[in-house]
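Asks: Sequence and predicted structure, then a few things I'm wondering about:
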Amino acid sequence: MKFVDEFRAPELIAKAGEEIRRLADPARHYRIMEVCGGHTHAIYRFGLKDLLPANVELIHGPGCPVCVLPMGRIDDGLSLAANPDFIFAAFGDMMRVPGTHGSPLEYKARGMDVRIVYSPADALKLARTNPTKHVMFFAIGFETTAPSTALTLKRAKAEGLPNFSVFCNHVTIIPAIRAILDSPDMRLDGFVGPGHVSTVIGCRPYDWIAMDEGKPVVVSGFEPLDILQSIVMLLRQLRKGEARVENQYKRVVPWEGNRAALRAMAEVFELRPYFEWRGLGFISQSALKIRASYAEWDAEQRFSVPGVRVTDPKAAQCGEVLKGVLKPAQCKLFGRECTPEQPVGALMVSSEGSCAAYYNYEHRKPVTIANAPSN
Amino acid sequence: MCLAIPGKIVELDSQNALHAVVDVVGVRRKVDLGLLQDEPPVPGDWVLIHVGFAMSKISEADAVDQMRTLTMLGEADAAMEEVRGYGLENDGQDSWGQGPQSGNRS
């Protein structure tokens, strides 16, 4: 397999741009939310906004797991791991996310045993190889990642591994979309649906958005052409007054999702009655907790968790940006107090965060597919 | 990140049916096949990998597309760092300090 450092089918990209301009009714203003942070990243990186007419506006959604995690959960996880017999294990993108008294990386600098793992299975391995320590995996992610944590917990239970637990922050995308649609200051016309979340949950869970809310959803891939084609598909539906769920990313997303992954999640997790999301507040049944049958491997059931609630720094407007009410650059701290090097809010940390994407690409525009040759 | 990494199944683990060795652009690591137990892959199959678990079977052409997508998104290096970081074969090694600390993998 070789890398191809070119845009796929630049002529098709130009055509998709033309088709979007043709389909968009000049008398209307379209507000389309891309739910997934990976799409937000791609949209900024490729300057896709430049290919859209002014009346087709992309609103960045909540699909960045690091961004929506409230600071209190980070504080809770770090306070558990303050025990010298603990190893705090997490994915790399958690490491620079600020808690009240610093990020996991800063805690490591102060002597806490903090490890980056690339897989929850590796956190399990750390527990096997460090039998005198307790390894707590700080789990984040949507349905893309939750099945892997579920299988890891099943393995831990099967082995009876005593020194491993998961601090579970897994969230589910559908209730967040519902909360956004219920928000009175948000008017949306349609959704670019998440790609890899949908490999797990499939396309059916979005049916209610089309049927009950009357808004089209197109599950999309991540290339510029994928995203533009998805916008074309949305505009076609809107033009005809239709609202359906369509799958642009058929090459990866099966309509029914991954049943084995869904079974693993159902066996290990249950829905929390409610969970706090940064910016969106408490959303009922929006997150996963570990079932009582796995209590021994659930950090929250096994240890005493402070249950800290922390409001974000007042000046930072992460919540408004997360809800799509403000654009990143409209936040008072953007680019001054809050930068990717010194992030105040999580949206500036993750490459999926709209602030980091906006900061890195919006002004520099290193890749300009708007200028790609059309033939 | 919700981006998934394409790899080719090279061999199944004879000791543990839930593990297989994948090849991702020349880097070989063990991944977990537990999420594909309904349609277990065989050597030669292409899969998408996320945080050390194969999450779906794809065609070779789609695998090439997916790696190109990662390259275009500037995520190919992070993807390879992730794959190299999978510690299933390196018992006891601290993965800390084996590369740049980006690893945006959620």
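Replies: Received the coordinates, thanks.
Asks: which residues does the residue positioned nearest the centre of chain B contact?
Replies: Central residue of chain B (CA atoms, centre = their mean): B:Ile49, 4.2 Å from the mean position. Contact analysis of B:Ile49 by CB atoms under 8 Å, 6 or more residues apart in numbering or on different chains lists B:Ala4, B:Ile5, B:Pro6, B:Gly7, B:Val22, B:Val24, B:Val31, B:Met55, B:Val83. In short, each C-beta sits where N, CA and C put it, glycine included.
Asks: among the residues you listed, which are in strands?
Replies: Cross-referencing the contacts of B:Ile49 against strands under DSSP state E gives B:Ile5, B:Pro6, B:Gly7, B:Val22, B:Val24, B:Val31, B:Met55.
Asks: restrict those to contacts with chain A.
Replies: Checking the ones in strands among the contacts of B:Ile49 against chain A by CB under 8 Å from any CB of the partner chain, the ones in range are B:Pro6, B:Met55.
Asks: and which of the ones in strands among the contacts of B:Ile49 is nearest to chain A?
Replies: Each of the ones in strands among the contacts of B:Ile49 was scored against chain A by CB to the nearest CB, and B:Met55 proved nearest at 5.9 Å.
Asks: nearest residue to the residue nearest to the centre of chain B other than its sequence neighbours?
Replies: Leaving aside its sequence neighbours, B:Ile49 sits nearest to B:Ile5 (CB to CB, 6 or more residues apart in numbering or on different chains; 4.6 Å).
Asks: what about that neighbour, distance to B:Ala63?
Replies: Between B:Ile5 and B:Ala63 the computed distance is 10 Å (CB to CB, to the nearest Å).
Asks: shared neighbours, the two?
Replies: When contacts are counted by CB under 8 Å, 6+ apart, B:Ile5 and B:Ala63 are jointly contacted by B:Leu48.
Asks: and those two? which has more neighbours close in?
Replies: B:Ile5 (28 against 22; other CB atoms under 10 Å in any protein chain shown).
Asks: Could I get the contacting residues of that one?
Replies: B:Val24, B:Leu48, B:Ile49, B:His50, B:Gln66, B:Leu70, B:Ala79, B:Glu82, B:Val83.
Asks: how about 10 Å then?
Replies: B:Ile5 is in contact with B:22, B:24-25, B:31, B:47-52, B:54-55, B:63, B:66-67, B:70, B:75-76, B:78-80, B:82-83, B:105, counting by CB atoms under 10 Å, 6 or more residues apart in numbering or on different chains.
Asks: cool, A:Gly37 as well?
Replies: Each residue near A:Gly37 by CB under 10 Å, 6+ apart is listed here: A:60-68, A:142, A:194, A:347, A:350-354, A:356-357, B:1-2, B:104, B:106.
Asks: burial of A:Asn163, as a residue count?
Replies: A count of nearby residues for A:Asn163, using other CB under 10 Å, gives 18.
Asks: my guess is it contacts A:Phe137, does it?
Replies: No: A:Asn163 lies out of contact with A:Phe137 (CB atoms under 10 Å); the separation is 11.8 Å.
Asks: picking up where we left off before, where's the residue nearest to B:Ile49 relative to A:Asp312, distance?
Replies: Distance, B:Ile5 to A:Asp312, by CB to CB: 33 Å.
Asks: try A:Gly214
Replies: Using CB to CB, A:Gly214 is found at 33 Å from A:Asp312.
Asks: before we move on, what about B:Asp45?
Replies: 45 Å.
Asks: Compare the two (neighbour count), which wins?
Replies: More crowded of B:Asp45 and A:Asp312, by other CB under 10 Å: B:Asp45, with 20 against 17.
Asks: Show me where chain B has its strands.
Replies: Here chain B has its strands, by DSSP E, at B:5-12, B:19-24, B:27-32, B:46-50, B:53-58.
Asks: quick one: B:Val22 and B:Asp13 touch, right?
Replies: No: if you go by CB under 10 Å, B:Val22 and B:Asp13 don't touch, sitting 11.2 Å apart.
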